[in-house]
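# dropping a prediction and its sequence here:
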Amino acid sequence: MESRAGFVAVLGRPNAGKSTFLNALLGERLALVSHKANATRKRMNLVLMQEEAQIVFVDTPGIHKQEKLLNQYMLKEAMQAMQDCDLLLFLAPVSDKIDFYEEFLQSAKNKPHLLLLTKSDSVIKEELFCKMQEYQKYQNYYQALIPISYKDLNSLKSVVRKIAEMMPPNPYYYDPEILSPNSTKEIVKEMIRESCFENLSDELPYESDVMVNLYQEKRDLDYIKATIITHKESQKAMVIGKEGKTLKRIGKSAREKIEKFINKKVYLELLVKVMPGWSKQKESLKQVGYDFED
């Protein structure tokens with residue numbers, strides 16, 4: 001059979017469940033999941049094989065409009081993915097107003113897309129039917145309207161089959177054995193960020209971030225040195241916690257995630273650094289890993 005391959009941008013408003021959707025498809029926690037809005041900040045490519053088709057999902061930041069420089073970078077990442085990919089997936093929680101989809105249509109510019117109603121198991125059948133009826137007036141724009149639940153593997157499989165059918169004839173872009181072409185260093189950064197969110201919840205300021213300063217691969221043990229970035233000294237103290245207990249918890253959680261991912265022992269050294277206003281300055285953003293084009 002002729003091979004097919006293509007790029008699929010996964011889009012939606014902040015907290016629409018894009019990363020949870022991708023992790024459910026792949027069976028791996030590669031995309032950062034958090035209840036915090038806009039947790040995803042950069043595009044990440046995730047590879048899924050479906051028979052002879054290679055689907056390269058592009059996890060993107062939530063589509064939103066804010067004036068902060070970091071938010072501008074994130075919106076640019078989402079818009080670039082929308083432009084570059086062969087197919088778009090727009091994830092709309094079933095409880096959302098239809099307005100978010102209408103805004104998406106203005107940006108999509110007639111690009112082929114699937115409309116996925118997420119969390120469809122959270123409402124009764126009558127409510128789900130009514131919501132699907134609301135979207136029917138836009139049926140000439142989307143290729144398919146599919147209700148999905150992350151708990152229902154059959155609903156996810158139906159999405160994958162539909163996407164595979166729509167992939168253009170192409171040789172594979174990546175080795176079929178890999179889950180992501182993103183560097184291990186990039187994935188490790190996201191795992192540390194996720195551990196920060198999990199251990200500090202709403203206490204952790206949105207603008208906090210992580211830099212992986214060193215990644216040394218050794219025969220039996222990988223050595224990783226990373227820095228958690230905060231805006232203020234008070235935030236730094238919060239991340240460290242009394243007698244360093246919070247930082248130890250973050251480190252333990254992150255180390256376990258990384259070891260499971262690379263299937264190897266890890267020595268993880270975490271530091272905390274204050275960089276006042278880093279998310280509002282281009283040079284600081286570049287230093288942390290968000291490279292603006294000049």
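It's in.
# residue 13 and residue 103, how far apart?
Shown here: residue 13 relative to residue 103, a distance of 9 Å by C-beta to C-beta, to the nearest Å. For glycine as for every other residue, the C-beta is placed from the backbone atoms N, C-alpha and C.
# neighbour count: these two, which is higher?
residue 13 (21 against 14; other C-beta atoms under 10 Å).
# now do that one, the pLDDT please.
The confidence metric pLDDT takes the value 82 at residue 13.
# determine the three-state secondary structure at it.
State at residue 13, reduced to three classes by DSSP: H, G, I helix; E, B strand; the rest coil: coil.
# can you give me the strands in this structure?
Counting by DSSP state E, one finds strands in the chain at the ranges 4-11, 44-50, 53-59, 87-93, 113-118, 144-147, 209-217, 221-230, 265-274.
# so what does the fourth one touch, helix or strand wise?
Which is strand 87-93. With contacts defined as 3 or more C-beta pairs under 8 Å, 6 or more residues apart in numbering; DSSP states H and E, strand 87-93 has these neighbours: strand 4-11, helix 99-108, strand 113-118, helix 153-166.
# what's the answer for the shortest one, then?
Under the contact criterion of 3+ C-beta pairs under 8 Å, 6+ apart, the helices and strands touching strand 144-147 comprise strand 113-118, helix 125-135, helix 153-166.
# what lies in contact with it?
Judged by C-beta atoms under 8 Å, 6 or more residues apart in numbering, the contacts made with strand 144-147 from elsewhere in the structure are 94, 114-117, 120, 128, 132, 135-136, 139, 155, 158-159, 162.
# nearest to residue 267, of these?
Taking C-beta to C-beta as the measure, residue 267 sits nearest to residue 159 out of those, at 39.5 Å.
# got the contact list for the closest one?
For residue 159, the contacting residues are 89, 114, 116, 146, 148, by C-beta under 8 Å, 6+ apart.
# now the strands of the chain in TSV, with distance to residue 167 and mean neighbour count?
Formatted as TSV, the entries for these read as follows, by distance: least, C-beta to C-beta, whole Å; neighbours: other C-beta atoms under 10 Å:
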stretch	distance to residue 167	mean neighbour count
strand 4-11	4	23
strand 44-50	8	19
strand 53-59	5	23
strand 87-93	8	22
strand 113-118	13	23
strand 144-147	15	18
strand 209-217	33	16
strand 221-230	35	19
strand 265-274	36	16
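# returning to that earlier point: tell me which of the contacts of strand 144-147 has the lowest pLDDT.
Ranked by pLDDT, the contacts of strand 144-147 bottom out at residue 155, which scores 82.
# look up how far residue 87 lies from it.
Summarising the geometry, the distance separating residue 155 from residue 87, computed by C-beta to C-beta, is 18 Å.
# stretch 234-252: end-to-end distance?
The first and last residues of stretch 234-252 sit 23 Å apart, counting by C-alpha to C-alpha, to the nearest Å.
# may I see the buried residues of that stretch?
With burial defined by 16 or more other C-beta atoms under 10 Å, the residues of stretch 234-252 counted as buried are 235, 236, 238, 239, 240, 246, 247, 250, 251.
# where does the protein dip in pLDDT?
1, 28-42, 61-75, 77-78, 201-207, 292-294 (pLDDT under 70).
# mind listing what residue 212 touches?
Taking C-beta under 8 Å, 6+ apart as the test, what residue 212 contacts is 185, 188, 189, 192, 224, 225, 226.
# next: residue 95.
Applying C-beta under 8 Å, 6+ apart, the residues near residue 95 are 119, 122, 123.
# and the gap between it and residue 235?
32 Å.
# likewise for residue 107?
From residue 107 over to residue 235 the distance is 34 Å, taken as C-beta to C-beta.
# what number of residues lie near the closest residue to residue 128 other than its chain neighbours?
Taking C-beta to C-beta, 6 or more residues apart in numbering, and ignoring the residues beside it in sequence, residue 128 has residue 120 as its nearest neighbour in space, at 5.5 Å. Neighbour count of residue 120, defined by other C-beta under 10 Å: 21.
# if I look at residue 120, how far off is residue 149?
Using C-beta to C-beta, one obtains 5 Å as the distance from residue 120 to residue 149.
# shared neighbours of those two, anything?
Jointly contacting residue 120 and residue 149 under the rule C-beta under 8 Å, 6+ apart are residue 155.
# I'd say residue 227 and residue 210 touch.
Yes: between residue 227 and residue 210 there is a contact at 7.0 Å, judged by C-beta atoms under 8 Å.
# how deep is the closest residue to residue 151 other than its chain neighbours tucked in, by neighbour count?
Ranked by C-beta to C-beta, 6+ apart and with sequence neighbours excluded, the top spatial neighbour of residue 151 is residue 121, at 6.1 Å. Counted by other C-beta under 10 Å, the residues lying close to residue 121 total 15.
# with that, I have no additional questions.
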